[in-house]
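>>> I would like to see how this sequence folds:
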Amino acid sequence: MNFSGIDTKIVSLIKNILENPNYQPDVEPDITDAAILMAADGYGSGKVSGLENGVEVIVRTSDTQKSFLFNPDPHPTELAAAALGHFSKISTERDMKH
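Below you'll find the model as predicted:
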């Protein structure tokens, strides 16, 4: 049996988005690529597996979670300020306009 996998442009889309957070593709991504991009933005979850140089590679959108360390007994205002800083940075990195 010969499996060829699905036809996807996800690697190209992600490279372009990383180079330019405002990137808009010339052609609308197909439904599979759009679903993966939405999952990466936090709208659900996704997993992509494939071969790279003959080695299986798996990428899960859950691997994009971010966390930060803070004082275990924080002052609420200081924790809120730190969280806002982290959320703002992530929002900018991921071009989240909502």
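>>> the residue nearest the centre of the chain and residue 15: what is the separation?
When the chain is reduced to its mean C-alpha position, the nearest residue by Cα atoms, centre = their mean turns out to be residue 40, at 3.3 Å. Per Cβ to Cβ, to the nearest Å, residue 40 is found 13 Å from residue 15. (C-beta placed from N, C-alpha, C; glycine too.)
>>> number of residues surrounding residue 9?
14 (other Cβ atoms under 10 Å).
>>> if you could redo that for residue 35, that was the one I meant.
Neighbour count of residue 35, defined by other Cβ under 10 Å: 15.
>>> and it, what is it in contact with?
44, 46 (Cβ atoms under 8 Å, 6 or more residues apart in numbering).
>>> again, only using 6 Å
Taking Cβ atoms under 6 Å, 6 or more residues apart in numbering, we find residue 35 in contact with no residue.
>>> please, which helix or strand holds it?
In the assignment (DSSP states H and E), residue 35 maps to helix 31-40.
>>> what about the lengthiest helix in the chain, distance to the chain center?
Counting residues, the longest helix in the chain under DSSP state H turns out to be helix 76-93. Per Cα atoms, centre = their mean, to the nearest Å, the displacement of helix 76-93 from the mean C-alpha position of its chain is 18 Å.
>>> which parts of the protein belong to which domain?
For the chain, automatic domain parsing gives the domain ranges 1-64, 66-98.
>>> could you dump those to TSV with mean pLDDT?
Below are the domains of the chain laid out as TSV (pLDDT from 0 to 100):
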stretch	mean pLDDT
domain 1-64	80
domain 66-98	83
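>>> check those for me and report the most buried one.
domain 1-64 (a mean of 12; mean count of other Cβ atoms under 10 Å).
>>> one step back: so the residue nearest to the centre of the chain sits against residue 61, correct?
Yes - judged on Cβ atoms under 6 Å, residue 40 makes contact with residue 61 at a distance of 5.1 Å.
>>> which outside residues touch the longest helix of the chain?
66, 68, 70.
>>> may I have the residues that are in contact with the first one?
This means residue 66. Neighbours of residue 66 in contact, by Cβ under 6 Å, 6+ apart: residue 90.
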